[in-house]
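K.L.:
Structure for the following, please:
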Amino acid sequence: MPRAASICYVRGCPKRTVYRGRCPKHAPPAWETTSARNTVRGPEQRAWDRVIRPRVLVRDGFACSLCGARERLEVDHVVPVARGGAWTLENAQTLCQDCHAAKSARDRRQK
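P.N.:
Numbers count the residues shown, from 1 in each chain. Prediction:
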């Protein structure tokens, strides 16, 4: 059996509810579901995996650019894509997992 319609929680608003007890005018905004990282799902990302990533590893001598480690390597964007970085060879660097985690933490704090 369907629920009975109720009025908006906002004081003085007589309109019917549509979402969490609020009318369309007072409903909270929907979450933003897209980001710069999620908009590139095509040739750029495939080129990153197939072409750029191997070239960066060779260019950096299969070693971390920051500490020189040769194990647990990852290829990272120097300027994150979410902040306008490109999917290019010049915007890529080889980092070990520890340095990558530290750099990602710094990037998150810079918001």
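K.L.:
give me every residue that touches the nearest residue to residue 22 once chain neighbours are set aside.
P.N.:
Closest residue in space to residue 22, ignoring its immediate chain neighbours: residue 8 at 5.4 Å, by Cβ to Cβ, 6 or more residues apart in numbering. Quick note: C-beta positions are derived from backbone N, CA and C, even for glycine. With Cβ atoms under 8 Å, 6 or more residues apart in numbering as the criterion, the residues that contact residue 8 are 14-17, 21-23, 25-26.
K.L.:
now residue 9
P.N.:
Residues in contact with residue 9, defined by Cβ under 8 Å, 6+ apart, are 17, 21-22, 26.
K.L.:
Going by distance to residue 45, which of those wins?
P.N.:
Each of these was scored against residue 45 by Cβ to Cβ, and residue 22 proved nearest at 38.6 Å.
K.L.:
so residue 27 makes contact with residue 15?
P.N.:
No - taking Cβ atoms under 8 Å as the definition, residue 27 is not a contact partner of residue 15, at 10.5 Å.
K.L.:
what's the distance between the nearest residue in space to residue 7 that is not next to it in sequence and residue 23?
P.N.:
Counting by Cβ to Cβ, 6+ apart, the nearest residue to residue 7 once its immediate chain neighbours are dropped is residue 14, at 5.8 Å. When distances are taken as Cβ to Cβ, to the nearest Å, residue 14 and residue 23 turn out to be 9 Å apart.
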